[in-house]
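>>> Generate a structure from the sequence data that follows.
(one chain, ligands or ions: 1)
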Amino acid sequence: EPAQPYEIVNQIVGDFQMLYPNFEFELQLQPLKSICLLLPADHWKQIVMIILDNAVKYSTDKKIIELEASQMENNRVQLRIRDYGIGIPSEEIGHVFDRFYRVDKARTRLAGGSGLGLAIAKRLIETYEGQIEMASTENEGSVVTLTMPYIRRKL
Ligand code: ATP
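This is a model prediction of the structure:
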């Protein structure tokens, strides 16, 4: 069934808040209300959880994660997920969606991971005509932008 992104993102953030009580999650999700995304709910969940998991894993002392949605022209909606963590050097950002790629092994070693998360998220979202992009500044943080087609929810 199509994903109801407002409810799903709220539910995932609720779970993360319980798991990581020292983090602050700031939500601007109004544009997700009363829309549906054209992908199965499970796949949307998986994508958002991969991105949030990274945001937590690669945060440092400023434990704030912002989720902000906005509607665009041509029936697409964006969800941006921002952290203030270690960031990614500009020469490595082109590889983060490659399978098994992990930036600077010495630094990411402490936070375990296989380097598959973003490759899976990209593969999934592109299957449904969506896009994923990552922008980052080393030692300042990262922002992942998810873009998906949507339809209005029937009343
Ligand atoms: P997992 O497969 O468990 O998610 P992972 O986090 O290593 O492990 P990806 O999610 O594919 O793998 O991410 C690839 C690499 O991109 C990471 O190893 C990390 O170096 C970098 N990265 C991803 N998200 C962030 C982020 N929010 N901040 C900084 N670096 C990130």
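>>> helices or strands next to the helix or strand containing residue 50 in the packing?
Assessed by DSSP states H and E, residue 50 sits inside helix 41-57. Helix 41-57 makes packing contacts with strand 2-3, helix 5-19, strand 64-71, strand 76-83, helix 117-127, strand 141-152 when contacts are defined by 3 or more Cβ pairs under 8 Å, 6 or more residues apart in numbering; DSSP states H and E. C-beta here means a position set from N, CA and C on the backbone, and glycine is covered the same way.
>>> Go through it and flag the buried ones.
41, 43-57 (16 or more other Cβ atoms under 10 Å).
>>> near the ligand, which of the residues you listed show up?
Applying Cβ under 6 Å from any ligand atom to these, one finds that 50, 54, 55 fall near the ligand.
>>> Which one of those residues is nearest to residue 94?
residue 54 (16.7 Å; Cβ to Cβ).
>>> hang on, the earlier thing: out of the ones next to the ligand among the buried residues of helix 41-57, who's nearest the ligand?
Nearest to the ligand among these: residue 54, at 3.4 Å, using Cβ to the nearest ligand atom.
>>> Pull up the gap between the residue sitting nearest the centre point of the chain and residue 153, please.
Nearest to the geometric centre of the chain sits residue 51, at 3.4 Å (Cα atoms, centre = their mean). Remark: distance between residue 51 and residue 153 (Cβ to Cβ, to the nearest Å) = 23 Å.
>>> what about residue 136, how many neighbours?
Using other Cβ atoms under 10 Å, residue 136 has 22 neighbouring residues.
>>> what about it, which helix or strand?
Per DSSP H and E: strand 131-137 holds residue 136.
>>> what's the answer for residue 87, then?
Per DSSP H and E, residue 87 falls between elements, in no helix or strand.
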